[in-house]
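> predicted model, plus sequence, below.
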Amino acid sequence: MLAAALTTLLVLLFLLAIPLTLTYQLSWQQQLEGKAMLQWLFGLVRVQLAPPRAEQPAPEEKQIEDSTEHKSKTVRKKFKPLAALRQKAFRKRILRFACDLWHAIRTRDLYLRIRVGLGDPADTGQLWALFGPLSGLLANIEDASIELEPEFIDAVFELDSSGKISVIPLQLLYLVLGLLCSPIFRRGMRRMNQAA
């Protein structure tokens with residue numbers, strides 16, 4: 001029984017150690033659009049990915065969605081990511097995770113443009129004070145074109161991206177679990193929810 005469990009664990013670890021490659025082109029204005037190809041086992045396994053299509057709701061469903069959409073907008077306004085980002089330890093932990101993640105991911109011909117606005121110029125300014133210097137650093141990365149743009153008037157999130165990304169799933173799992181188990185990260189998430 002123990003030998004079978006160990007064998008299964010070793011096979012799972014071996015499979016997670018095989019690189020996974022994603023070739024994609026994505027755009028998010030009002031909804032997600034694009035295409036992607038996932039390759040595993042050095043190209044032997046290929047899966048074509050497509051973003052989910054938005055279905056047109058029935059008339060009576062639309063009325064229900066309108067009322068829930070109004071509620072979700074008020075809930076969304078209460079979510080305060082800046083409360084966590086004001087903590088120096090939380091910022092350092094997120095930056096360390098981002099650096100580790102960047103080193104774990106191998107990219108080719110990467111293009112990324114993100115435009116973000118929080119709806120309040122003061123909140124957007126505080127967010128840009130944190131991420132503006134990062135934008136300058138990201139602009140100097142070789143084999144990548146990365147642009148971060150603030151929008152001070154409207155609440156907006158737009159994304160345009162394309163490229164080829166290779167990652168070892170086992171390494172990615174290790175980094176994500178390390179972040180989620182970090183007491184600093186959990187304290188920051190609690191602070192974010194308390195500020196809501």
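Received it, and whenever you're ready, just let me know what you need.
> which stretches of the protein form helices?
Using DSSP state H, the helices of the chain run over 2-16, 59-78, 81-85, 88-104, 121-138, 169-180, 183-194.
> which of the helices and strands in the protein ranks last by mean pLDDT?
Here the helix or strand of the chain ranked lowest by mean pLDDT, DSSP states H and E is helix 59-78, holding a mean of 51.
> please report the distance of the closest residue to Leu180 other than its chain neighbours from Leu9.
Distances taken as C-beta to C-beta, 6 or more residues apart in numbering place Arg186 nearest to Leu180, at 8.0 Å, with adjacent residues excluded. No exception for glycine: its C-beta is placed from N, CA and C like everyone else's. To Leu9, Arg186 is 27 Å away according to C-beta to C-beta, to the nearest Å.
> higher neighbour count, those two?
Between Arg186 and Leu9, Arg186 has the larger neighbour count (other C-beta atoms under 10 Å), namely 13 against 10.
> how close does the more buried one get to Gly136?
As judged by C-beta to C-beta, Arg186 and Gly136 stand 30 Å apart.
> again, but for Gly125
Per C-beta to C-beta, Gly125 is found 17 Å from Gly136.
> check Leu172 too.
Separation of Leu172 from Gly136 (C-beta to C-beta): 27 Å.
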